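Q: okay, predicted coordinates and the sequence, questions at the end:
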There are 2 protein chains.
Amino acid sequence: MLRANMERLWRMLDASGEIGRCGERGLTRLALTDPDKVMRDTFVEWATAAGCQVEVDEVGNIFARRPGRDQSLPAVAIGSHLDTTVCGGRYDGILGVLAGLETVLTLNDHGTETTRPIDVVCWTDEEGTRFSRSMMGSSAFAGLFAVADVLVASDADGLTFGAELARIGYAGPRRTGDRRFDAYFELHIEQGPRLDAGDVDVGIVVGGLTAKGRRWAFTGQSAHVGPTPMDRRRNALVGAGYAIAAVNDIGWKYHESGGKTTVARIDCQPNRYGVIPERAVIGIDFRHPDSAVVATMAEEIDAAARAAAARANVSCERVEEWTFGGVAFSEDLVRLLTATAHELGIAFRSMTSEAGHDAYSISTVAPAVMIFTPCQEGISHSREEAIDPRRTADGVNLLLNAVVARANRPPLAP
Amino acid sequence: MLRANMERLWRMLDASGEIGRCGERGLTRLALTDPDKVMRDTFVEWATAAGCQVEVDEVGNIFARRPGRDQSLPAVAIGSHLDTTVCGGRYDGILGVLAGLETVLTLNDHGTETTRPIDVVCWTDEEGTRFSRSMMGSSAFAGLFAVADVLVASDADGLTFGAELARIGYAGPRRTGDRRFDAYFELHIEQGPRLDAGDVDVGIVVGGLTAKGRRWAFTGQSAHVGPTPMDRRRNALVGAGYAIAAVNDIGWKYHESGGKTTVARIDCQPNRYGVIPERAVIGIDFRHPDSAVVATMAEEIDAAARAAAARANVSCERVEEWTFGGVAFSEDLVRLLTATAHELGIAFRSMTSEAGHDAYSISTVAPAVMIFTPCQEGISHSREEAIDPRRTADGVNLLLNAVVARANRPPLAP
């Protein structure tokens, strides 16, 4: 069995951690910004030096291919993302891409060839922090988002995805989605506390739970904060406040069975002292292991938003809703990871992902699976995100050996 | 008795209503912006054409003087402000300044001289929308704010009051506060529903009630919205949400006795989908006719903020607090207005102001009083703000005749 060079992987992670650094150990590397360009250039440089052939598609997804003996076979892909949230962590996504590169480098060290090519993939804008939809590149690749829609998405300053992609030089020629994978592997930090709290350092991820989101808008009327009596006020922010409280209480109601609710975002207008706010929009996210419960939570959240609006004497409207997850990963690949872990003597637990990942999109067009490694206290999307190299090695070695096994399996009969 | 030319006043208000227009009938003319400069230039042009001598002080307050027979006597001043909130109304403040100008024009029409000069004053940045403190110019004039502090105040883009004042050409040479008033009159729309709902069109304002404000900051920890269990979350926005709801409930508790509470502003970080917010700051305003009740409300609001933080498992801190109002206007001037109203046959009610006004500041350095006129439904700080010229005329004529009476009263024995 092969062993990855964890020191080399850590040098790459440390170099990445300087590109868009926020404070001591955070990263602000939003999609298609200058730091994202620098990181992409660095990745392409490393991959090229490792002998990979690099291609970029129309939405900026980067594919670094280590050739296989049979170039006519679809590649085994290892992917994740290099973008971050605002002052987020230095491992979320990045570890998965660089573990893919480390897989290539380890194979190079040993002069090991594989039957199938291996593609190391960087998906564009997984976080959705800048253009407000997450998993943009992988969803476009899988045909879940139209390329045209992705290119016209705009950020808070009105800059479009397409213009920014061209500006940083990553509007590639390759048609998005015009590539087949034999299998897709994604290694990722768990972003939750289960592995960190236990004594097992690897999660084999069998699927992703259903997550839903919606934006509720509250509309009142601006007026002077002083002389306007309480019974004549229509304060949109008060509607939002009651809703934030109620949504959080719904999360607690389902806490024991693994449910959670989040209001992560609020936009209030005019948001000025002296003026009763006329509009407030909140973004709500909720998840539960049981899809039927998610549906019930959706009803409760919508009812809570309406009740909050009524209590604040404002009107309300659900202006957007979305669903993702509810994914079952490839049983074949789960079996392969399980068998490989046994061969390597690696302890693992079977897990379900609670966060969204590019693997969710790719699972709709190829067999896909994920591996989780621990992160300290389960914290991510934070400058406090931290991982331990010793507790990460098992996951990286599992990825490496499972990918090689998959890449070398006999071609299927035609 | 004199009668103002309401058609001329309305033409001036309509011209003003085009300078920074927002939608059909709103105005966005924040202090020291380009529209504010255009309106100031227009006011100076009108005042100069009316024969006034114009002076500007260090913080941009504009004084347009109609000379009196005895120039050694302090002027009788009529003032208010020409700036607005974001998409606010076209009468709030503006009516008071232009009614002052109309007073001068009516006196000119009749060739009427007065013993004392009459100053029409435009105070800089009453609204506080841009630089976050209200009544800036009049407070500096009264010595309540240091001129140096005013000049370094910065807006959301980091532009300072001083730099913006110089940019629009209104950093005047006159030392702020270096001017005495015999009396100060301010005509203003009520900004509340009492006059509009009744059949009396004039309020003689005997004072202003006490208002307090504070900013509470909630601090949690950013983390991923998906895998982070409810019992490990420290969502700062949830702390703010519980506080918004509780503060509003406190307002209702005091509604019957004239109390009100407002959360008008929220700032949330990082305010991105997928990330649990780590910081949220809310701005709270509360008022009551009884100062002792305001003090009780302050305790209840602070306790509610702390309870909200505890419930959301976040920390909290009161980062700022302020008090204004609690003003009793000049009894002499109230008597003068009352007597003048009787002479004119104008019905009025005695009122207390619930909003802040420049007259509050000026009342600390000169005898001051206010006149209220109705506004539709009591709505202001809104593009829906509207007034009826017929219901405004009594207030303007009361101002005109009371100012002339005061300006002509015999000089006090030395």
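A: Yes, it's here.

Q: please make it C-alpha for all contacts and neighbour counts, starting now.
A: OK.

Q: could you report the neighbour count for A:A140?
A: 24 (other Cα atoms under 10 Å in any protein chain shown).

Q: measure it to chain B for me?
A: A:A140 is 19 Å from chain B, where distance means Cα to the nearest Cα, to the nearest Å.

Q: can you tell me the element that residue falls in?
A: helix A:136-141 (DSSP states H and E).

Q: could I get the buried residue list for that helix?
A: Neighbour-count burial for helix A:136-141 flags A:M136, A:G137, A:S138, A:S139, A:A140, A:F141 (criterion: 16 or more other Cα atoms under 10 Å in any protein chain shown).

Q: put the alpha carbons of the very next helix or strand once past it into CSV.
A: Later in the chain than helix A:136-141, the nearest helix or strand by DSSP H and E is helix A:147-152. The C-alpha trace of helix A:147-152 is given here as CSV (Å, rounded to 0.1, in the frame of the first residue of the first chain):
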residue,chain,number,x,y,z
VAL,A,147,-23.7,27.8,-17.9
ALA,A,148,-25.4,31.0,-19.1
ASP,A,149,-27.1,31.5,-15.7
VAL,A,150,-23.9,31.0,-13.9
LEU,A,151,-22.0,33.5,-16.1
VAL,A,152,-24.6,36.3,-15.5
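
Q: who's in contact with A:V44?
A: Applying Cα atoms under 8 Å, 6 or more residues apart in numbering or on different chains, we find A:V44 in contact with A:V54, A:A64.

Q: nearest to chain B among the buried residues of helix A:136-141?
A: A:M136 (13.8 Å; Cα to the nearest Cα).

Q: for the helix or strand hosting A:A402, buried residues please.
A: In the assignment (DSSP H and E), A:A402 maps to helix A:389-408. Of all the residues in helix A:389-408, those buried under the rule 16+ other Cα under 10 Å are A:391-408.

Q: then stretch A:281-296?
A: Buried, per 16+ other Cα under 10 Å, within stretch A:281-296: A:281-289, A:291, A:293-295.

Q: of the buried residues of helix A:136-141, closest to B:V238?
A: Closest approach to B:V238 among these (Cα to Cα): A:M136, at 28.3 Å.

Q: who's in contact with the closest one?
A: A:W123, A:T124, A:D125, A:E126, A:G128, A:F145, A:V150.

Q: between those, which is nearest chain B?
A: Among the contacts of A:M136, and counting by Cα to the nearest Cα, the member closest to chain B is A:G128, at 7.4 Å.

Q: just confirm the closest one is within a helix.
A: No - according to DSSP: H, G, I helix; E, B strand; the rest coil, A:G128 belongs to no helix; its state is coil.

Q: list the contacts of the closest residue to it other than its chain neighbours.
A: Sequence neighbours aside, A:S134 is the residue nearest to A:G128 in space, at 3.7 Å (criterion: Cα to Cα, 6 or more residues apart in numbering or on different chains). By Cα under 8 Å, 6+ apart, A:S134 lies in contact with A:D125, A:E126, A:E127, A:G128.

Q: hang on, the earlier thing: among the contacts of A:M136, which one sits closest to A:Q191?
A: A:E126 (14.7 Å).

Q: can you pull the pLDDT of the closest residue to the closest one other than its chain neighbours?
A: Closest residue to A:E126 apart from its sequence neighbours, by Cα to Cα, 6+ apart: A:M135 at 3.9 Å. pLDDT, A:M135: 95.

Q: now A:M135: how far from A:F141?
A: Distance, A:M135 to A:F141, by Cα to Cα, to the nearest Å: 10 Å.

Q: cool, A:R175 as well?
A: In terms of Cα to Cα, A:R175 sits 9 Å off from A:F141.

Q: identify the residues contacting A:D394.
A: A:D201, A:V202, A:I346.

Q: one more: A:D285?
A: Going by Cα under 8 Å, 6+ apart, A:D285 touches A:A211, A:K212, A:G213, A:R214, A:T261, A:T262, A:V263, A:A264, B:V225, B:G274.

Q: what is the neighbour count of the first one?
A: Same thing as A:A211. 25.

Q: secondary structure element for it?
A: With DSSP H and E as the test, A:A211 turns up in strand A:210-219.

Q: now render the contacts of A:M136 as a markdown table, adding neighbour count.
A: Output for these, formatted as a markdown table (neighbours: other Cα atoms under 10 Å in any protein chain shown):
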| residue | neighbour count |
| --- | --- |
| A:W123 | 26 |
| A:T124 | 30 |
| A:D125 | 30 |
| A:E126 | 26 |
| A:G128 | 20 |
| A:F145 | 16 |
| A:V150 | 19 |
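
Q: tell me which of these has the lowest pLDDT.
A: Among the contacts of A:M136, A:G128 has the lowest pLDDT, at 92.

Q: surely that one is in contact with B:Y273?
A: Yes - counting by Cα atoms under 8 Å, A:G128 touches B:Y273, with 7.4 Å between them.

Q: spell out which residues are contacts of both of the two.
A: Counting by Cα under 8 Å, 6+ apart, nothing touches both A:G128 and B:Y273.
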